[in-house]
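In: A structural model of the following input is requested.
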Amino acid sequence: MVTQEQRKRQLAREKFLRQQQRRTAARRKAKMRNSVIASVLGVVVIGSVALYTTGVLKNDNKNKANASSQTTPSAAPTSKAPDPCAKPAAGSVQKLSWKKEPAMAIDTSANYTMKLATTCGDIDVALKTSAAPHTVNSFDFLAGKGFFDHTKCHRLTTNGIYVLQCGDPTGTGSGGPGYTIPDENLKDKSLKGGVYPAGTVAMANTGQKHSGGSQFFLVYQDSQLPPSYTPFGTISASGLKVLKKIAAAGESSGQGDGAPNATVVINKATVTKS
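Out: A predicted model of the protein is given here:
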């Protein structure tokens, strides 16, 4: 004869065993799922497409914590795609700095273009002179001084936002020209629905107003961003092909936000009045 107390203990034991079995089955299922995910991610990386990032384009010394807080842990890449770019031209980055923004020297009614001759190919940009005169004037000044020559493009994002960030002579995300320029053209008609469309060139900043310096980003795929980054140029079709080649090689962290695997160096930057 089983007493009521013995029956309670038996039921509790059976319940515990059922829970253990469910947990064991769940762990087994999760392990299988993770194995499949890891395999898929390995294939994705081998196919030269990196993983995940969200966040905004700021000078990295001010926003690394912000950007990293928005990334999702992912499987590490299993291999690295071949470098699609050539060796950098001979020369070294100049250590240049100024205390204040250069005086306005461009013709704001004229058309200007910027050419980035990179190790991965030429990227031509039509500049928005009348809409962003301070920004275009600064780039004309810096390019004329050779400020961008031999500098690395130090950051590539490959998910959530799709940009290549350049313009830091230190290659760390913390460098600049020593001065800042005002935000401009934040209501550009191209910025619809909080999206910076593919082909946009815009200023990076520290997250504060009027804090742009020399760092800029090139958008190779539509990217959801707040309208806080001065859009000052449009990339040519051939330039977009170069950017997509760089993006296809992925980035170094395996989490979608890191140094590009491609050796992206601006051999020479020139701004020309047309």
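
In: All the strands of the protein, residue numbers only.
Out: With DSSP state E applied, the chain shows strands at 112-118, 121-127, 151-152, 155-159, 161-166, 195-196, 200-203, 216-221, 223-224, 231-235, 257-258, 265-273, listed in chain order.

In: and Ile246, which of the ones you listed is closest to it?
Out: Counting by Cβ to Cβ, Ile246 lies closest to strand 161-166 out of those; the figure is 6.0 Å. C-beta: built from backbone N, CA, C; applies to glycine.

In: so which of the strands of the chain comes closest to Gly250?
Out: It is, among the strands of the chain and with distance given as Cβ to Cβ, strand 155-159, at 6.5 Å.

In: re the thing from before, dump the strands of the chain into JSON lines; add distance to Asn137, mean neighbour count and mean pLDDT as well.
Out: Formatted as JSON lines, those follow (distance: least, Cβ to Cβ, whole Å; neighbours: other Cβ atoms under 10 Å; pLDDT from 0 to 100):
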{"stretch": "strand 112-118", "distance to Asn137": "9", "mean neighbour count": "21", "mean pLDDT": "98"}
{"stretch": "strand 121-127", "distance to Asn137": "10", "mean neighbour count": "20", "mean pLDDT": "98"}
{"stretch": "strand 151-152", "distance to Asn137": "20", "mean neighbour count": "22", "mean pLDDT": "98"}
{"stretch": "strand 155-159", "distance to Asn137": "25", "mean neighbour count": "26", "mean pLDDT": "96"}
{"stretch": "strand 161-166", "distance to Asn137": "19", "mean neighbour count": "25", "mean pLDDT": "98"}
{"stretch": "strand 195-196", "distance to Asn137": "22", "mean neighbour count": "21", "mean pLDDT": "98"}
{"stretch": "strand 200-203", "distance to Asn137": "13", "mean neighbour count": "27", "mean pLDDT": "98"}
{"stretch": "strand 216-221", "distance to Asn137": "14", "mean neighbour count": "25", "mean pLDDT": "98"}
{"stretch": "strand 223-224", "distance to Asn137": "26", "mean neighbour count": "16", "mean pLDDT": "97"}
{"stretch": "strand 231-235", "distance to Asn137": "10", "mean neighbour count": "24", "mean pLDDT": "98"}
{"stretch": "strand 257-258", "distance to Asn137": "31", "mean neighbour count": "24", "mean pLDDT": "97"}
{"stretch": "strand 265-273", "distance to Asn137": "9", "mean neighbour count": "18", "mean pLDDT": "98"}
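
In: Can you check which of these gets nearest to Ala249?
Out: Here strand 155-159 is closest among the strands of the chain (Cβ to Cβ), at 8.6 Å.

In: and the angle for the closest one with strand 161-166?
Out: Angle of strand 155-159 versus strand 161-166, following axes from the mean of the first three to the mean of the last three Cα atoms, to 10 degrees, is 170 degrees.

In: which strands and helices sit next to strand 155-159?
Out: In terms of contacts (3 or more Cβ pairs under 8 Å, 6 or more residues apart in numbering; DSSP states H and E), strand 155-159 is packed against strand 161-166, helix 237-248, strand 257-258.

In: what's the closest of the strands of the chain to Leu142?
Out: strand 265-273 (7.8 Å).

In: Run me through the strand neighbours of the closest one, direction for each.
Out: strand 112-118 (antiparallel), strand 151-152 (antiparallel) (DSSP bridges).

In: For Gly212, list the residues it contacts.
Out: Applying Cβ atoms under 8 Å, 6 or more residues apart in numbering, one finds that Gly212 lies in contact with Thr135, Thr180, Ile181, Pro182, Asp183, Met203, Ala204, Asn205, Thr230.

In: Next: Gly258.
Out: Counted by Cβ under 8 Å, 6+ apart, Gly258 has contacts Arg155, Leu156, Glu251, Ser252.

In: To what extent is the last one buried, counted in neighbours?
Out: For Ser252, the tally of surrounding residues (other Cβ atoms under 10 Å) stands at 14.

In: what does the third one give?
Out: Per other Cβ under 10 Å, the neighbour tally for Glu251 reads 25.

In: Tell me the spacing between the nearest residue to Leu243 once chain neighbours are set aside and Thr180.
Out: Counting by Cβ to Cβ, 6 or more residues apart in numbering, Leu243 lies nearest to Tyr220, which is 3.8 Å off, once chain neighbours are set aside. Taking Cβ to Cβ, to the nearest Å as the measure, Tyr220 falls 26 Å from Thr180.
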